[in-house]
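Engineer: my questions are about this predicted structure, shown below with the sequence.
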2 protein chains.
Amino acid sequence: MQTTINMETVEVEKWLNWLSDFGATKNGGVTRLLYDDSWIKAQLALKEKMIEAGLRASFDSIGNLFGRLEGTEIKEKAILTGSHIDTVVEGGKYDGAYGVVASLLAVKYLYEHYGLPKKTIEVVSLCEEEGSRFPLAFWGSGSITGKYKLEDTKELKDANTIPFHTAMESAGFPPSSQSAARSDIDSFIELHIEQGAVLEKEKQSIGIVTHIVGQRRFTIKIAGESNHAGTTPMKYRKDSMHIASELIVYAINKVAEIDESLVATVGKLTVSPNVPNVIANEVAFTLDVRHHQEEILDRYCSIIFSHFENLCLEKGTGIEISQWVNVKPVKMDENLNDTADRILQDMSIPYKKMISGAGHDSQMFGTFCPTALLFVPSSNGISHSPSEFTKIEDLKNGVIVLIELLHKLAY
Amino acid sequence: MQTTINMETVEVEKWLNWLSDFGATKNGGVTRLLYDDSWIKAQLALKEKMIEAGLRASFDSIGNLFGRLEGTEIKEKAILTGSHIDTVVEGGKYDGAYGVVASLLAVKYLYEHYGLPKKTIEVVSLCEEEGSRFPLAFWGSGSITGKYKLEDTKELKDANTIPFHTAMESAGFPPSSQSAARSDIDSFIELHIEQGAVLEKEKQSIGIVTHIVGQRRFTIKIAGESNHAGTTPMKYRKDSMHIASELIVYAINKVAEIDESLVATVGKLTVSPNVPNVIANEVAFTLDVRHHQEEILDRYCSIIFSHFENLCLEKGTGIEISQWVNVKPVKMDENLNDTADRILQDMSIPYKKMISGAGHDSQMFGTFCPTALLFVPSSNGISHSPSEFTKIEDLKNGVIVLIELLHKLAY
C-alpha cells in the first residue's frame, strides 16, 4: 500500500500549529494543563475535528477523548491510537500533541482512502500524562487501563490549592461513579517525539521502542562534620563534600561496567552550610537510575549502595539512602514491532530499535494490551521547552508508518 | 617571676562575661559590629576600665582604643598587646574579646604588682577584624600598620546601605584627615582562641603560632550540557556534576601528597538546573587552599589546575577558574616565640608550636613589627557561634603567659 500515500495531503505541520494555539505562551511555548481553560478548548476543538473526519467522538467520564471508526467485522475490540493532550508548563508543541494529531490524520487518511476498517479503530486524546498540574502522572492512560481510580485523586490539589475534583467539575467532568476503565482494547499504538538525541545523532528517522525503562530515584544524604576550613587539619575532617564526590564518581564510573544501556544521573545536589570557608556538614544528592531490565537495576544498585555504605563506615560519616521512585520496566509488543519493522524496511525509511529512557502512556498500556511506541527525532534532544523541534520529513514519516501499520492491522 | 602570680586574682571569666553583655543576643551569642551601638558602648566601657586600671586611655581617629602605661626609660616605642572588639553576627564571647580582656588584665596585674614598666606598654582594643558589617576586614590593625587608608572605605556600605563614613560619624569618629597609622610600635602581642580543635585533641593548653597561613580562594565553573536523564546515553553526555566530582576528589586527595600542613576545602557548590532528572549543565564550586609557604601553595595549585584543565579538555567541557582571595603567609617573630617557649617550659604548661589556619590581626602586624600570636584551645574547635567555649584553666594560662612575656619585655 505504501506507494500510494500522498505526502502532500498529510498536513501534520499545519495541524500541530493549529493545536499549539490552545495554551500558546508569549515565549512561543505551550502551557496546557489538565482541566484548565486551554485544555478544555483544545479537547473540544479536537472533538470537532474528529466529527469532521467522520469519526464518532465522545469523552469518557474523566475527559479522555475518543474518535471511533467502527469496524465492519470486529466491533467488540478497538485498536487504540493516540497520545496525550496536556503539556508541562512552558512546554513545546510536539510532546504528546504530535501523537494525537498524527493518529487523527492517519485514521482520517485511511477512512478517506479505504472507507471503514474491518476492525474498529479509535483515536484517543488522553487527558493527562505529564503530572504538571497535580502530583499524579498518567491519569488518562492509567484510568483506561484500570491502574487509577477516581478516589486516588480525591486529596490532590494543584499549586493554587484547587482540589482535583473541583478542577474536573469545572472542566465539565463532574466526578461520577462511571469508571473510565475499559476492557475492549485490542492494542495501543503511540507516536511520540524521542525527547533524546539518539535518532538525530545516528541519522535515523524512526525509532521502534522495544522497552520503556524502569526508573529508580534515590536521595543520598551524607552526614559529616562542619568545621573551619583553615584551622582543621585534613586528618581531623569528616568532609561531606569530599565523600559525596567520591560516591558520585564511583556511581557514574560503575555504569559502564554493568551495561551499555544503563544510565545514572546525579542531577541535584545541595550542600550545608554551603559556605566557601566552612567544611560541609551535610551533602544530599539525588541518583536517577534507568534500565529496561530489573535485574540490571538490582545489580547496579546493590553494588553501588554497598560501596557507599562501606566507604561511609570507613570514613566515619553517616549515610542515609532513601528511594522515592520505583517504576518497573515495560516491554513493548514484539508482533507489533515486527510489523512496524517490515513496513520501515519496505519503505526504506532509516530507523532503529531502541529503548525509551523516558516514561510514556505506552508504559501504562504495555502491561495491559499489546502496545507499540514509535519515536520521531527531537532536534538536539530538546523537549519540555518551547525549543522542541522535529523536522517535517520525520513528522510525515511517522504519520505514514502509522497509516501503514493501522492499515495492516485493521483493514 | 612566674611563681608569684596569684591565679585567683585573674578574673578573666568575670571580665569576659561582663564584655559579652554588650551586644548579647537571645541565643546566648554576641553581635557587636563595627560602629554599632553595642560596639560604641563596649569601647567606652573598656575605656573606663583602662582608666580605672591606671592607664592613659584614648581613641585614635577611627575608633581603635589604646590604654597606655608609659615606660620610665623607653617612651618612644610602645609594646602593643590586644585584639579586636568586633564579632561576627551571632558570634561567641571569646573571639577577639578574650585577647582584649587578657591584655588589659595582664597589664593591670603588672602595674599593680610592679609599678611602671621601663618600656611603654599599650593595651589595644582594635576596632574591627571580622569584616562582618562592611566588606572589609582588619580595618583596625590595617589602619595602624598603614595598610588601609580612610579613602579605601569611602564607597563601602553595609547590608542596610549605610555608608562606612556615616557609620563612623554616628559612632563619634567623623572621618578626619588625621591618620591612624603609627610609627612607634615596638612589637605586637596577641592572645586569641584557636578556632580549631588541634590544641584540645592534642591536650595542649597554649599554642605558639609560628606562621599564619597564606590563603587562596577560587571558583571553578564547569560548563557541560543539560540533557534528559533518561534519554541521553552515557556516551553522549557532558555531565558537569560527574566532572566536578572527579575534580573535587582529585583536589582533596592530592593534598596529602604535597604537605601535611596543607588544607583544601570545597565548601560551596551550586548546580544548574539542579533537578533530579536533568543532567547538570553547569556546576560551580569554590576551593579554599591554605598553607604557610607560598611555594607549597604554588605547587599545589599548579598541579591541580593543570589536571583540571586537561580533564575538561579530554571530556569536552568548558572550565573557568577564577581567583578571588590571595593572602600571603606571614611569619611570626622568632625571638618573641623563643621567649614564650622558655616561659611555657619553665611553668610546665603543655603547649605546642603550630600554624594558624585562620587570619588574625597579627597577620597585619607580622609584616610591620615583631609579632607574637598565642592560642588557647577552642572546645570542639567551634568558633563564630554562641557555643564558643574555652576552659577557665586555659584562659588563665593564657593571661599568665602574657603577664610573664610582657614582664620580660618591658620590666
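Structural biologist: Perfect, I can see it now.
Engineer: got the confidence number for A:T9?
Structural biologist: Looking at A:T9, its pLDDT is 67.
Engineer: helices of chain A, residue ranges please.
Structural biologist: Assigned by DSSP state H, the helices in chain A fall at A:12-20, A:37-52, A:97-114, A:139-144, A:164-170, A:198-201, A:240-258, A:294-315, A:334-347, A:361-366, A:392-410.
Engineer: helices or strands up against the third one?
Structural biologist: Helix A:97-114 makes packing contacts with helix A:12-20, helix A:37-52, strand A:65-69, strand A:74-84, strand A:119-126, strand A:185-193, helix A:392-410 when contacts are defined by 3 or more CB pairs under 8 Å, 6 or more residues apart in numbering or on different chains; DSSP states H and E. Heads up, the C-betas are built off the backbone N, CA and C, glycines and all.
Engineer: distance to B:K221, mean neighbour count and mean pLDDT added to these, as TSV?
Structural biologist: Output for the helices and strands packed on helix A:97-114, formatted as TSV (distance: least, CB to CB, whole Å; neighbours: other CB atoms under 10 Å in any protein chain shown; pLDDT from 0 to 100):
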stretch	distance to B:K221	mean neighbour count	mean pLDDT
helix A:12-20	36	18	96
helix A:37-52	39	18	98
strand A:65-69	48	23	98
strand A:74-84	38	22	96
strand A:119-126	42	27	98
strand A:185-193	32	26	98
helix A:392-410	36	22	96
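Engineer: least confident secondary structure element in chain A?
Structural biologist: strand A:227-228 (a mean of 90; mean pLDDT, DSSP states H and E).
Engineer: hmm, that one in reach of chain B?
Structural biologist: Yes - counting by CB under 8 Å from any CB of the partner chain, chain B is contacted by strand A:227-228 at A:227-228.
Engineer: pairing partners for that strand, with directions?
Structural biologist: Partners of strand A:227-228 in the sheet, by DSSP bridges, are strand A:278-279 (antiparallel).
Engineer: averaged pLDDT, the partner strand. What do you get?
Structural biologist: Here the average pLDDT along strand A:278-279 is 92.
Engineer: out of the helices of chain A, which is closest to B:G359?
Structural biologist: helix A:240-258 (22.2 Å; CB to CB).
Engineer: what's the distance between A:Q43 and A:S58?
Structural biologist: Distance of A:Q43 to A:S58, computed by CB to CB, to the nearest Å: 11 Å.
Engineer: need the residues touching each of those two.
Structural biologist: A:L65 (CB atoms under 8 Å, 6 or more residues apart in numbering or on different chains).
Engineer: show me what from the stretch 101-250 of chain A comes close to chain B.
Structural biologist: So far as CB under 8 Å from any CB goes, the stretch 101-250 of chain A lies against chain B at A:194-198, A:201, A:213, A:215, A:217, A:227-234, A:236, A:239, A:241-242, A:244-246, A:248-249.
Engineer: pretty sure A:D239 contacts A:N281?
Structural biologist: No - with contacts counted by CB atoms under 8 Å, A:D239 stays clear of A:N281, the gap being 9.5 Å.
Engineer: residues contacting the nearest residue to A:G381 once chain neighbours are set aside?
Structural biologist: With CB to CB, 6 or more residues apart in numbering or on different chains as the criterion, A:G381 has its nearest non-adjacent residue at 3.1 Å, and that residue is A:A197. Each residue near A:A197 by CB under 8 Å, 6+ apart is listed here: A:377-378, A:380-381, B:227, B:231-232, B:236.
Engineer: A:S379 against A:D394, yeah?
Structural biologist: No - using CB under 8 Å, A:S379 is not in contact with A:D394, being 9.4 Å away.
Engineer: returning to that earlier point: more neighbours: which of A:D239 and A:N281?
Structural biologist: Set A:D239 next to A:N281 and count neighbours by other CB atoms under 10 Å in any protein chain shown: A:D239 wins out with 28 against 19.
Engineer: let me see the contact set for the nearest residue to A:F389 once chain neighbours are set aside.
Structural biologist: Leaving aside its sequence neighbours, A:F389 sits nearest to A:S379 (CB to CB, 6+ apart; 4.1 Å). Listed by CB under 8 Å, 6+ apart, the contact partners of A:S379 are A:200, A:387-391.
Engineer: the same query, at a cut-off of 10 Å, please.
Structural biologist: Each residue near A:S379 by CB atoms under 10 Å, 6 or more residues apart in numbering or on different chains is listed here: A:94, A:193-194, A:197, A:200, A:387-391, A:394.
Engineer: again with A:W324
Structural biologist: A:216-219, A:286, B:276 are the contacts of A:W324 under CB under 10 Å, 6+ apart.
Engineer: mind checking which of the residues you listed are in strands?
Structural biologist: Judged by DSSP state E, the contacts of A:W324 include A:216-219, A:286 as members of strands.
Engineer: return the residues in contact with the closest residue to A:P135 other than its chain neighbours.
Structural biologist: Closest residue to A:P135 apart from its sequence neighbours, by CB to CB, 6+ apart: A:L156 at 6.3 Å. Contacts for A:L156 (CB under 10 Å, 6+ apart) come out as A:133-136, A:139, A:162-165, A:167.
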